[in-house]
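**Q** sharing a model prediction with you, sequence too.
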Amino acid sequence: MKYLVFVMVLLLPVVASAQDDYTDGSYWTVTSVDTKPGHFDDYMEDLNNVWRKSMEMLIKDGKVLSYKLFSNVNPRTDEPNLWLLVEWKSGAAWLDTPRSYYEAQNKKLFGSDEEGTQANIKRGDLRTIMSNTLMMEMKFK
């Protein structure tokens with residue numbers, strides 16, 4: 001028992017110094033998308049016309065810092081062929097944004113919340129969302 005306590009006391013500075021080697025970074029949502037056969041270009045057009053404008057609105061409103069789109073060059077079976085990455089100002093900017101904000105965004109983009117909902121349903125014919133993950137970037141000092 002004394003030996004275990006002695007080892008733990010010796011390791012405390014190592015654990016503390018390891019935590020000083022990195023800082024917390026931005027929060028990112030990472031969405032993996034599999035486009036349906038023959039609809040990659042259709043979905044890219046939809047992203048350019050809707051998602052991109054939505055991201056620019058979120059940036060203007062101070063909720064999002066940046067966004068990126070990555071293509072999987074050689075997707076294997078059951079892998080997505082696109083990843084949509086959004087860098088949020090904070091975890092709260094993603095988690096605490098009320099539904100009413102997105103409803104107002106739909107009105108700006110589509111004319112009404114209902115038209116936005118219908119566009120989202122049609123978008124389902126172009127792609128399958130495989131996952132959506134919230135991550136926190138880690139940065140070494």
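**A** That came through fine.
**Q** any idea what the residue nearest the centre of the chain is bridged to?
**A** In the chain, the centroid-proximal residue (Cα atoms, centre = their mean) is Thr29; its distance is 1.6 Å. Beta-bridge partners of Thr29, counted by DSSP bridges, are Val86, Leu134.
**Q** with Phe70 instead?
**A** According to DSSP bridges, beta-bridge pairing links Phe70 with Trp83.
**Q** show me where the protein has strands.
**A** 22-35, 64-71, 82-88, 127-140 (DSSP state E).
**Q** which one of the ones you listed has the most crowded surroundings?
**A** Of all the strands of the chain, strand 82-88 has the most neighbours on average by mean count of other Cβ atoms under 10 Å, namely a mean of 19. Every residue, glycine included, has its C-beta placed from N, CA and C.
**Q** that strand vs strand 127-140, what angle?
**A** 50 degrees (axes from the mean of the first three to the mean of the last three Cα atoms, to 10 degrees).
**Q** run the angle between strand 82-88 and strand 22-35 for me.
**A** Going by the same axes, to 10 degrees, strand 82-88 makes 140 degrees with strand 22-35.
**Q** and the contacts of strand 82-88?
**A** By Cβ atoms under 8 Å, 6 or more residues apart in numbering, the residues outside strand 82-88 that reach it are 26-35, 43, 47, 51, 55, 58, 63-72, 94, 127, 137.
**Q** quick one: stretch 82-101 to chain centroid distance?
**A** Using Cα atoms, centre = their mean, to the nearest Å, the mean C-alpha position of stretch 82-101 is found 7 Å from that of the whole chain.
**Q** any idea how far apart the tips of it sit?
**A** 26 Å (Cα to Cα, to the nearest Å).
**Q** what's the closest non-adjacent residue to Met130?
**A** Nearest residue to Met130, sequence neighbours excluded (Cβ to Cβ, 6 or more residues apart in numbering): Ser32, at 4.3 Å.
**Q** do the same with Thr128
**A** In space, Thr128 is closest to Asp34, 4.8 Å off (Cβ to Cβ, 6+ apart).
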